[in-house]
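Asker: what's the 3D shape of this:
(one chain, ligands or ions: 1)
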Amino acid sequence: MSIRKIIEYPEEVLAKVGKPVTKFDEELKNLCADMFKTMYDAEGVGLAAPQIGLNLRLFVMDCEGIKLVAANPEIVSTEGEQSGQEGCLSVGKIPAVVIRANKVRLKAQNERGEWFEQAVEALAARCFLHETDHCDGKLFIDHLPKLRREMVVKKFRKEKRLK
Ligand SMILES: [Zn+2]
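Answerer: The predicted model follows:
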């Protein structure tokens, strides 16, 4: 297991629609183990493959007691609304308020390729949506009004320069 380098905005891979996961083999298991390790090391609650430079529809998460691997994730249904702070390991964890659905049902494959569905609420729902977005080449800042988006990007660039 190794910690991978986290790719940051505005790298191109973060804006690409991921390719489906087709092989559920030892290599995928090792990749998921690396992704969990990388996520914990960065103190995140979710990490998608594009964030380590791989153009794949795959994410891992460990949020509100829900720990899972989701390959080829699809949002089956959403309900309600929540407003809350969100951040991304690829955008320096700069927080911004994003409106999301409050209940989300996700369909995906686990690391053995078995399909499952899971319904979650609140923070875990936010995480499902955020990570599935990554697989579609979208970032949380894409949900922000233009000015707020620019503020987040500016702050991120400034903090990066200071590092
Ligand atoms: Zn993210």
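
Asker: and residue 132, that one's in a helix?
Answerer: Yes - secondary structure of residue 132 (DSSP: H, G, I helix; E, B strand; the rest coil): part of a helix.

Asker: ok, now which ones touch the most centrally placed residue in the chain?
Answerer: Closest residue to the average C-alpha location of the chain: residue 131 at 2.6 Å, with Cα atoms, centre = their mean. Counting by Cβ atoms under 8 Å, 6 or more residues apart in numbering, residue 131 touches 46, 47, 48, 59, 61, 70, 73. From N, CA and C alone the C-beta is placed, and that goes for glycine too.

Asker: ok, it to residue 18 distance?
Answerer: Here the criterion is Cβ to Cβ, to the nearest Å. By it, residue 131 lies 11 Å from residue 18.

Asker: nearest residue to residue 62 in space, please, no chain neighbours.
Answerer: residue 45 (6.2 Å; Cβ to Cβ, 6 or more residues apart in numbering).

Asker: show me the contacts for the one you found.
Answerer: 39, 61, 62, 63, 123, 127.

Asker: also residue 132?
Answerer: Here residue 132 is in contact with 59, 70, 73, 74, 75, 106 (Cβ under 8 Å, 6+ apart).

Asker: how does it look with 6 Å?
Answerer: With contacts defined as Cβ atoms under 6 Å, 6 or more residues apart in numbering, residue 132 is in contact with 73, 75.
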